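*Asks:* Got a predicted structure plus its sequence, pasted below:
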Amino acid sequence: MANFVLSCCSTSDLTEEHYLERDIKFICFHFFLDGKEYSDDLGKSVSFKDFYQAMREDKETKTSQVNVDEFVTYFEKFLKDGKDIIHVTLSSGLSGVLNSANIAKEMLESKYPDRKIYVVDSLGASSGYGLFMDKLADLRDEGKSIDQIKLFAETNKLYLNHWFFSTDLKYYVKGGRISKMAGLFGTVLHVCPILNMNNEGKLIPRKKILTKKKAIPEIVDLMEKDVQNGLDYDGKCYICHSDCYEDARAVADLVESKFKKLNGKVEIYSVGTTIGSHTGPGTVALFFWGVERGL
């Protein structure tokens, strides 16, 4: 058994069962719904369905990252058990949580000089970040050392591709990604923006597709263009959605019909309450190993 802990934030948007099965530890972000604070605890405090329905009813949502004190408490329980730690954070392009984790690391290193504490910026989000963690768990289970895993993570994180589309532009307007006027016309015309994550871990609008019906095959075509080994891709593929399972299932069916050598079926997860506070309902995201991400 490895003498180190593989850890991430709840914003990697997997299920608790998945984390337990893969022996991946996690620490929870926080969110506010209609003025009340909750833990981003994988849908336990507020179910994903209730959360997205509240957003549709214009209930206010805000998010709060893990702070330094929380990281110190979280890390120290592993260090006291004689374990080293490799913690992978949500993208620094979306959150300041990397800084909090690094401050906690520096505070604890002098107290536990014989322990290794590594903090890695995933430059990823949601279940793409989760797919990255799943690969690191594979490496650990193959017997790789904590240093080998850190090297792989830093060297390969930009090969994890993230593609998104959304059917509701209201939250893109609210987040300042598109103007109010563009949002109004886009809504009238049923525009589905397609975005991806760049090499700085930021979400970048790439295309405007008219109607969800066209966006679904388009995002799979983008996967074919960028995926490792083309139609012979034999890695895993994850999809997540914000309360639009049928859309996610339609994308998954297309992926499975096109890529016959996938490592298992496409796995579908829910966008969690932290990421979902910014995307809103109606978002589908597709994740796979592909070309190195650029600007």
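*Replies:* Thanks, I have it.
*Asks:* residue ranges with poor pLDDT in the protein?
*Replies:* Residues of the chain meeting the criterion pLDDT under 70: 1, 172, 175-179, 181-189.
*Asks:* Please name the residues that touch the residue sitting nearest the centre point of it.
*Replies:* For the chain, the residue lying nearest the average C-alpha position, counting by Cα atoms, centre = their mean, turns out to be Ser126 (1.6 Å). With Cβ atoms under 8 Å, 6 or more residues apart in numbering as the criterion, the residues that contact Ser126 are 11-13, 162, 240, 271-272, 275, 285, 287. No exception for glycine: its C-beta is placed from N, CA and C like everyone else's.
*Asks:* quick one, helices of the stretch 151-295 of the chain?
*Replies:* Secondary structure of the stretch 151-295 of the chain (DSSP state H, counting those that start in this stretch): helices located at 170-174, 180-189, 212-226, 245-258, 273-279.
*Asks:* Tell me which of these sits most buried.
*Replies:* Counting by mean count of other Cβ atoms under 10 Å, helix 273-279 has the highest mean neighbour count of the helices of the stretch 151-295 of the chain, with a mean of 26.
*Asks:* Show residues contacting it.
*Replies:* Taking contacts as Cβ under 8 Å, 6+ apart, the residues outside helix 273-279 that touch it are 10-11, 13, 29-31, 33, 38, 40, 43, 46, 48, 51-52, 55, 61-63, 125-126, 164, 166, 171, 175, 242, 271, 283.
*Asks:* now that helix: how far from the chain's centre is it?
*Replies:* Distance of helix 273-279 from the chain centroid (Cα atoms, centre = their mean, to the nearest Å) equals 11 Å.
*Asks:* Please list all residues in contact with Leu139.
*Replies:* 148-149, 152.
*Asks:* what's the closest of the contacts of Ser126 to Glu224?
*Replies:* Phe287 (14.5 Å; Cβ to Cβ).
*Asks:* tell me the domain boundaries of this protein?
*Replies:* 4-28+65-158, 159-289 (automatic domain parsing).
*Asks:* could I get those as CSV with distance to Leu295?
*Replies:* CSV is the format used below for the domains of the chain (distance: least, Cβ to Cβ, whole Å):
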stretch, distance to Leu295
domain 4-28+65-158, 11
domain 159-289, 5
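*Asks:* related to what we said a few turns ago, could you say which one of the helices of the stretch 151-295 of the chain comes nearest to Leu98?
*Replies:* Across these (criterion: Cβ to Cβ), the nearest stretch is helix 273-279, sitting at 14.8 Å.
*Asks:* could I get the contacts of Ser126 as TSV with distance to Asn263?
*Replies:* Converted to TSV, the contacts of Ser126 look like this (distance: Cβ to Cβ, whole Å):
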residue	distance to Asn263
Thr11	24
Ser12	19
Asp13	19
His162	18
Cys240	18
Val271	23
Gly272	24
Ile275	24
Ala285	19
Phe287	13
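*Asks:* out of the residues you listed, who's nearest Val251?
*Replies:* Proximity of those to Val251 (Cβ to Cβ) peaks at Ala285, which lies at 9.2 Å.
*Asks:* Could you pull up the residues touching the closest one?
*Replies:* Taking Cβ under 8 Å, 6+ apart, we find Ala285 in contact with 126-128, 162-164, 239-241, 271.
*Asks:* what's the closest of the helices of the stretch 151-295 of the chain to Val68?
*Replies:* The closest approach between Val68 and any of these, judged by Cβ to Cβ, belongs to helix 273-279 at 17.9 Å.
*Asks:* how about the nearest residue to Ala250 once chain neighbours are set aside, what does it touch?
*Replies:* Nearest non-adjacent residue to Ala250, counting by Cβ to Cβ, 6 or more residues apart in numbering: Ile216, 5.2 Å away. With contact set as Cβ under 8 Å, 6+ apart, Ile216 has these partners: 165, 247, 250-251, 254, 284.
*Asks:* Show me which of those is closest to Ile86.
*Replies:* Sorting the contacts of Ile216 by distance to Ile86 puts Val284 at the head of the list, at 30.1 Å, by Cβ to Cβ.
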